[in-house]
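> just a sequence and a predicted model for now, questions to come.
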Amino acid sequence: MVWCENLVKIYKSDGVEVMALQGLDLTVERGELMAIVGASGSGKSTLLNMLGGLDKPSAGSLYIDGKDMLKLDEKELISYMRDTVGFVWQNNARNLIPYLTAQQNVELPMLLKGSANRRHRAEMLLEEVGLSKRKNSLLAQMSGGEQQRVAIAIALANNPRLLLADEPTGAVDTKTAAMVLDVFKKINKELGVTVIIVTHDVNLSKSIDRVVSIRDGKTATEMVRRHSLEDIASLDSLSENKDSAEDAVREELAVLDRAGRLQLPKEYLNALGVKGGGKVRVELEDDKIIITAADVHGS
Ligand SMILES: Nc1ncnc2c1ncn2[C@@H]1O[C@H](COP(=O)(O)OP(=O)(O)O)[C@@H](O)[C@H]1O
Ligand SMILES: [Mg+2]
């Protein structure tokens, strides 16, 4: 669904250049639900905006749903944004109109597009996000979690193949966040929509099968599950400590870029006493690659 290689984004403001993405690689399969994590300022929103067609990369390759995003003209870009992609933001004021009902809010994007069957589809989507009973409530009367679920229904209104969510649970409590995540999982499963969620919520990312972390505008590491959910359930019941059972089945993998370059975790470099920009000794031994601090002044 998404393929990007060596993606670069440079912002220029007041003569100062900020390199928000510094050669990022990412592949997302069709029908996948995955998360992107990273510190504030690491380039998560920048990446999501590129994926959503809201902004153009400065360099690199970006293909979404088979389309070369760097080559789309204005008309193609508009139809991409209208037909292929849906967006959910942290601040749902960007998604929602407070003085309309949930139903009217969901119908609005379909009205703008001139779709038939708006009422029926809006009802179906509100049911999908578990809000059938609240469909006639004004947005202003709904809780944060409910509003975020309406935002998801709106993002799905035009039947996108790719759903992007930028910190969708940043403004709600932990319990509500888990509920909102469940809605993403449900629509991913039932509608087959590819879902990419940006989050800095560690608890949230723990229950997502694939989590890619971005550091300084580059893909750094990837967490993948080693076992099926059934294994996790049985491990949970064996273990006193749920968290350690969770950790046991998750593995953090460093990402090799397509040229074979690897970013080593800062903590590991610190432990070796090696600084970024320095040198290390790399040796192949049986089935391992061993990295040791190089004594550049010695023999
Ligand atoms: N429109 C912009 N103009 C200039 N700099 C920007 C703009 N948007 C983001 N940046 C900068 O790019 C970097 C990445 O920002 P962002 O993608 O928002 O990070 P994140 O979402 O991970 O917090 C930051 O240094 C930020 O200040
Ligand atoms: Mg952001």
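Received it, and whenever you're ready, just let me know what you need. Residues are numbered from 1 along each chain as shown. Ligands and ions are numbered 1, 2, ... in the order given.

> now the closest residue to ligand 2 within the stretch 1-150 of the chain: closest residue in space, sequence neighbours ignored.
Closest to ligand 2 within the stretch 1-150 of the chain is residue 45: 3.2 Å, counting by C-beta to the ion. In this view, the C-beta of every residue, glycine as well, is placed from N, C-alpha and C. Nearest residue to residue 45, sequence neighbours excluded (C-beta to C-beta, 6 or more residues apart in numbering): residue 166, at 5.6 Å.

> residues from the protein in reach of ligand 2?
The chain has residues 44, 45 near ligand 2, with proximity defined as C-beta under 5 Å from the ion.

> give me that answer again for 8 Å
Residues of the chain lying close to ligand 2 (C-beta under 8 Å from the ion) are 40, 44, 45, 46, 48, 166, 167, 198.

> of those, which belong to helices?
Residues of those located in helices (DSSP state H): 44, 45, 46, 48.

> near ligand 1 too, which of those?
By C-beta under 6 Å from any ligand atom, the members of those lying near ligand 1 are 44, 45, 46.

> dump those residues into JSON lines; add neighbour count, pLDDT and distance to residue 123 as well.
Shown next, in JSON lines, are those (neighbours: other C-beta atoms under 10 Å; pLDDT from 0 to 100; distance: C-beta to C-beta, whole Å):
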{"residue": "44", "neighbour count": "23", "pLDDT": "94", "distance to residue 123": "34"}
{"residue": "45", "neighbour count": "19", "pLDDT": "94", "distance to residue 123": "32"}
{"residue": "46", "neighbour count": "23", "pLDDT": "95", "distance to residue 123": "36"}
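
> low-confidence ranges, the stretch 151-299 of the chain, go.
Low-confidence segments of the stretch 151-299 of the chain (pLDDT under 70): 225-249, 296-299.

> all helices of it, in order?
174-191, 202-206, 229-238, 242-248, 266-272 (DSSP state H, counting those that start in this stretch).

> using TSV, lay out the ones next to ligand 1 among the ones in helices among the residues of the chain next to ligand 2 together with distance to residue 143.
Shown next, in TSV, are these (distance: C-beta to C-beta, whole Å):
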residue	distance to residue 143
44	26
45	25
46	30
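
> wait, isn't residue 187 in contact with residue 195?
Yes: if you go by C-beta atoms under 8 Å, residue 187 and residue 195 touch, sitting 7.4 Å apart.

> mutual contacts of those two, please.
When contacts are counted by C-beta atoms under 8 Å, 6 or more residues apart in numbering, residue 187 and residue 195 have residue 163 as shared neighbours.

> average pLDDT for stretch 30-40?
The average pLDDT within stretch 30-40 is 94.

> number of nearby residues for residue 145?
Counted with other C-beta atoms under 10 Å, the neighbours of residue 145 add up to 19.

> my error: substitute residue 16 in the last question.
The number of residues near residue 16, taken as other C-beta under 10 Å, comes to 7.

> next, work out how far apart it and residue 25 are.
26 Å (C-beta to C-beta, to the nearest Å).

> where does the stretch 1-150 of the chain have low pLDDT?
Applying pLDDT under 70 to the stretch 1-150 of the chain flags residues 92.

> near ligand 1, which residues of it are found?
So far as C-beta under 6 Å from any ligand atom goes, the stretch 1-150 of the chain lies against ligand 1 at 11, 13, 18, 20, 38, 40, 41, 42, 43, 44, 45, 46.
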